[in-house]
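Visitor: give me the fold of what follows.
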Amino acid sequence: MHIFLFLDVVYDPSVIKSLVKTISILIESNKSCVAYIANAIRNPLTYEQFQECLKNKCDLLNIDSIDKDLSQAIEIVRISCHS
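Guide: As a prediction, the model looks like this:
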């Protein structure tokens with residue numbers, strides 16, 4: 001199994017679509033891959049755009065919020081391929 005770890009990568013709205021596309025390609029090319037994304041939520045609107053972009057890929061990917069700390073505005077998301 002390959003694990004991809006992305007830390008603090010959701011801060012620029014102009015790269016969100018490319019980020020999600022890249023993650024999708026990595027996961028879909030190797031069905032046993034898992035990606036973890038840990039994000040500081042600096043701008044709720046930017047993070048909401050990221051979540052929407054991920055939801056558009058939901059038919060291909062499992063997307064789970066595995067930890068959220070609202071006092072620190074941090075969320076960890078696990079992304080994997082549908083079994």
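Visitor: count of residues packed around the nearest residue to N56 once chain neighbours are set aside?
Guide: Excluding the flanking residues, the one nearest N56 by CB to CB, 6 or more residues apart in numbering is V20, at 7.9 Å. In short, each C-beta sits where N, CA and C put it, glycine included. If you count neighbours by other CB atoms under 10 Å, V20 ends up with 22.
Visitor: how about the strands in this structure?
Guide: 3-7, 34-40, 61-69, 74-81 (DSSP state E).
Visitor: just send those strands back as JSON lines, with distance to K55 and mean pLDDT too.
Guide: Output for these, formatted as JSON lines (distance: least, CB to CB, whole Å; pLDDT from 0 to 100):
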{"stretch": "strand 3-7", "distance to K55": "17", "mean pLDDT": "93"}
{"stretch": "strand 34-40", "distance to K55": "14", "mean pLDDT": "93"}
{"stretch": "strand 61-69", "distance to K55": "7", "mean pLDDT": "85"}
{"stretch": "strand 74-81", "distance to K55": "12", "mean pLDDT": "91"}
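Visitor: switch the ones you listed over to a markdown table; also include distance to F50 and mean neighbour count.
Guide: Shown next, in a markdown table, are the strands of the chain (distance: least, CB to CB, whole Å; neighbours: other CB atoms under 10 Å):
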| stretch | distance to F50 | mean neighbour count |
| --- | --- | --- |
| strand 3-7 | 11 | 12 |
| strand 34-40 | 8 | 18 |
| strand 61-69 | 11 | 13 |
| strand 74-81 | 9 | 18 |
